[in-house]
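[1] heads up, no residue letters with this:
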Ligand SMILES: C[S@@+](CC[C@H](N)C(=O)[O-])C[C@H]1O[C@@H](n2cnc3c(N)ncnc32)[C@H](O)[C@@H]1O
């Protein structure tokens with residue numbers, strides 16, 4: 001390793017096992033999974049090792065995060081298996097994705113992203129995923145959500161307030177509005193799973209083409 005740019009995101013330490021367990025229950029076979037807003041890249045290398053048949057394609061708009069992802073790939077000895085991260089900002093359409101990944105794409109996942117980005121980013125995520133995924137394929141979201149516009153815990157409420165202080169466009173999203181955006185882009189909610197620490201996983205399934 002020439003430069004060690006690895007970042008360590010504490011939340012990934014806590015949620016990688018339960019997200020990995022959930023992914024294991026989905027009918028994901030060979031092909032590629034595109035991760036949006038990969039952050040440090042810790043999830044990517046863990047899931048790449050967990051699902052060796054799959055090509056895990058990480059992405060992030062921040063250079064510091066892409067450098068971290070590359071360092072994690074290198075550190076874990078996955079250079080021959082895992083592609084380098086893509087520079088994808090969900091709002092910049094269309095996303096530039098190598099054709100080998102696009103052709104073999106079978107799912108898109110975004111972990112803890114849509115509450116630390118503007119609502120337009122969530123809209124773009126659904127719009128572009130709706131174009132890229134085919135009938136029966138999954139878009140998987142993980143993070144905190146409000147149910148009927150209510151926080152499911154006091155800690156989520158405080159977290160939401162702290163997000164809004166950092167950026168007025170950020171905030172914990174209302175599941176109902178997220179799902180409306182999903183159905184506008186030909187996704188149906190296949191499953192909603194309460195995860196540890198007051199988070200949810202939402203499995204959306206593409207149903208159009
Ligand atoms: C809270 S971090 C989560 C990172 C990682 N998924 C995790 O769970 O550790 C949010 C990530 O979303 C990315 N992000 C923010 N705005 C984005 C956008 N417009 N398009 C794609 N990713 C974005 C950030 O760069 C950051 O890596």
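    Okay, I see it. Since this is a predicted model, take the numbers as computed values, not measurements. Numbering: from 1, shown residues only.
[2] mind checking pLDDT for the residue of the chain found nearest the ligand?
    When scored by CB to the nearest ligand atom, the chain has residue 39 as its residue closest to the ligand, at 2.5 Å. Backbone N, C-alpha and C define where each C-beta goes, glycine included. As predicted, residue 39 sits at a pLDDT of 98.
[3] so it sits against residue 8, correct?
    No. At 10.4 Å, residue 39 does not count as touching residue 8 under the criterion of CB atoms under 8 Å.
[4] who's more crowded, the two?
    residue 39 (23 against 10; other CB atoms under 10 Å).
[5] is the more buried one located within a helix, as I assumed?
    No. The assignment for residue 39, made by DSSP: H, G, I helix; E, B strand; the rest coil, is coil rather than a helix.
[6] what's it sitting at in phi/psi?
    phi 70, psi -130 (degrees, to the nearest 10).
[7] which helix or strand contains the residue most central in space within the chain?
    The centroid of the chain falls nearest to residue 110 when counting by CA atoms, centre = their mean (1.1 Å). In this assignment (DSSP states H and E), residue 110 forms part of strand 105-111.
[8] direction included, what does that strand pair against?
    strand 31-36 (parallel), strand 138-143 (parallel) (DSSP bridges).
[9] does residue 132 really touch residue 103, like I thought?
    No. Residue 132 is beyond contact range of residue 103, at 10.7 Å (criterion: CB under 8 Å).
[10] higher neighbour count, the two?
    residue 132 (18 against 10).
[11] name the nearest residue to the more buried one, sequence neighbours excluded.
    residue 105 (6.0 Å; CB to CB, 6 or more residues apart in numbering).
[12] the one you found touches residue 32, doesn't it?
    Yes. Contact status for residue 105 versus residue 32: in contact at 5.4 Å, counting by CB under 8 Å.
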